[in-house]
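Engineer: I'll drop the sequence and a predicted model, then ask my questions.
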Amino acid sequence: MGHDHGHDHTHGANKKALLVSFIITTAYMIIEAIGGFVTNSLALLSDAGHMLSDSVSLGVGVLAFVMGEKVASYSKTYGYKRFEILAALFNGVTLTIIAIYIFYEAFQRFANPPEVASTGMLTIAIIGLIVNLTVAWILMRGDTKENLNLRAAFLHVLGDLLGSVGAIIAALLIMFFNWGWADPLASLIVAILVLISGWRVSKDAIHVLMEGTPKNVDLDDIIQTMEKVQGILGIHDLHVWSITSGQNALSCHAVVDGKLSIHDSQRLLQSIEKTLEEKGIGHVTIQMENEEHQHDDSLMCQHETGSKEHDHQH
């Protein structure tokens, strides 16, 4: 139950961090967009564009947590946990599209640098930096390592933070040296950061949707661990995947010594499950078979680590 309580606490903290960040980011994004138009700064507008994607990603992220809390049904046996991964993929694709648009605008401005109100640009960029630092700090208090949805939002904000730094430098260069090209250059740097973030988040989300092996799971180690258990003769048809961020599942066929009683097999199964849970796999399904591999008289053992209550807690 301690595991459940910890998971619930982390889940609640993550949702709260996203909600607070969403409110702050949305409010400032509107201010920065207006400031970008008034000062005619592409660096500010590109940062506001990035903040718009932040705002959308944070909003979708909050929605993903709410959807993920929905109880499983006959039509969706895992509930809506995967919605979080779809949200992360949406964020990644959005980032990529925004980056391409900023590239296009920046090249237009290099050819014909417009007049930029550098003082207004500097003021808005400094406030933007403070806002982004605040939001980044709020998100860092959540689980940005394990939770893909929260990490996607954090990467968005990190890109914004660097975008604000770029806008500040560009404003200073325009003020002191009248270098008009500093504005599109700063927006290009933001675009590169946005593109890298978008690519990474999309790649990780697609990996989960394709049911790839979780990055924190070593398959060779899992196989060796299971085969070391006394009574297990071999493992085959092994699959390990992520249901959503931080929730890994495993299914396999285990060939066991035919002399084992049902009681011994159950004890063996519980031992494997306990070991796998320590290795970050909480949902385990194992079909146990005798050496002849005859499915008719093989012992079917379907077990989930913990109780039904454990799954609902997730």
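Structural biologist: Alright, I've got the coordinates. Residues are numbered from 1 along each chain as shown.
Engineer: going forward, measure contacts and count neighbours with C-alpha atoms only.
Structural biologist: Noted.
Engineer: contacts for stretch 246-263, please.
Structural biologist: The contact list for stretch 246-263 (CA atoms under 8 Å, 6 or more residues apart in numbering) reads 146-147, 214, 231-243, 280-291, 293, 299.
Engineer: in it, what counts as buried?
Structural biologist: Under the neighbour-count criterion of 16 or more other CA atoms under 10 Å, stretch 246-263 has Gly246, Gln247, Asn248, Ala249, Leu250, Ser251, Cys252, His253, Ala254, Val255, Val256, Asp257 buried.
Engineer: for these, which one is nearest Thr119?
Structural biologist: Closest approach between the buried residues of stretch 246-263 and Thr119, by CA to CA: Gly246, at 45.7 Å.
Engineer: mind checking the SS state of Leu260?
Structural biologist: What DSSP: H, G, I helix; E, B strand; the rest coil gives for Leu260 is coil.
Engineer: same question, Val284
Structural biologist: strand.
Engineer: that one contacts Glu273, correct?
Structural biologist: Yes: shown here, Val284 and Glu273 form a contact pair, counting by CA atoms under 8 Å, at 6.7 Å.
Engineer: surely Gly159 touches Ile196?
Structural biologist: No: applying CA under 8 Å as the test, Gly159 and Ile196 come out as separate, 9.5 Å apart.
Engineer: helices of the stretch 201-314 of the chain, start to end?
Structural biologist: Assigned helices in the stretch 201-314 of the chain, in chain order: 219-228, 262-278, 308-313 (criterion: DSSP state H, counting those that start in this stretch).
Engineer: how far does the second one sit from its chain's centre?
Structural biologist: To tie it back to what came earlier, the one meant is helix 262-278. Between the centre of helix 262-278 and the centre of its chain there are 31 Å (CA atoms, centre = their mean, to the nearest Å).
Engineer: from now on call the first residue 211
Structural biologist: Let's use 211 as the start, then, which means that last one is helix 472-488.
Engineer: only alpha carbons, please: show it as PDB.
Structural biologist: Taking C-alpha atoms only, helix 472-488 is exported to PDB below (Å, rounded to 0.1, in the frame of the first residue of the first chain):
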ATOM      1  CA  ILE A 472       0.300 -25.900  -7.500                       C
ATOM      2  CA  HIS A 473       1.300 -24.500  -4.100                       C
ATOM      3  CA  ASP A 474       5.000 -24.400  -5.000                       C
ATOM      4  CA  SER A 475       4.200 -22.800  -8.400                       C
ATOM      5  CA  GLN A 476       2.200 -20.100  -6.700                       C
ATOM      6  CA  ARG A 477       5.100 -19.400  -4.300                       C
ATOM      7  CA  LEU A 478       7.500 -19.400  -7.300                       C
ATOM      8  CA  LEU A 479       5.300 -16.900  -9.100                       C
ATOM      9  CA  GLN A 480       5.100 -14.600  -6.100                       C
ATOM     10  CA  SER A 481       8.900 -14.700  -5.800                       C
ATOM     11  CA  ILE A 482       9.300 -13.600  -9.500                       C
ATOM     12  CA  GLU A 483       6.700 -10.900  -9.200                       C
ATOM     13  CA  LYS A 484       8.400  -9.400  -6.100                       C
ATOM     14  CA  THR A 485      11.800  -9.400  -7.900                       C
ATOM     15  CA  LEU A 486      10.300  -7.800 -11.000                       C
ATOM     16  CA  GLU A 487       8.500  -5.100  -9.000                       C
ATOM     17  CA  GLU A 488      11.900  -4.100  -7.500                       C
END
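Engineer: what inclination does it have with respect to helix 429-438?
Structural biologist: Going by axes from the mean of the first three to the mean of the last three CA atoms, to 10 degrees, helix 472-488 is angled at 150 degrees with respect to helix 429-438.
Engineer: so what does the top helix by length along the chain touch, helix or strand wise?
Structural biologist: The helix spanning the most residues in the chain, taking DSSP state H as the definition, is helix 212-249. When contacts are defined as 3 or more CA pairs under 8 Å, 6 or more residues apart in numbering; DSSP states H and E, helix 212-249 packs onto helix 252-278, helix 328-350, helix 518-523.
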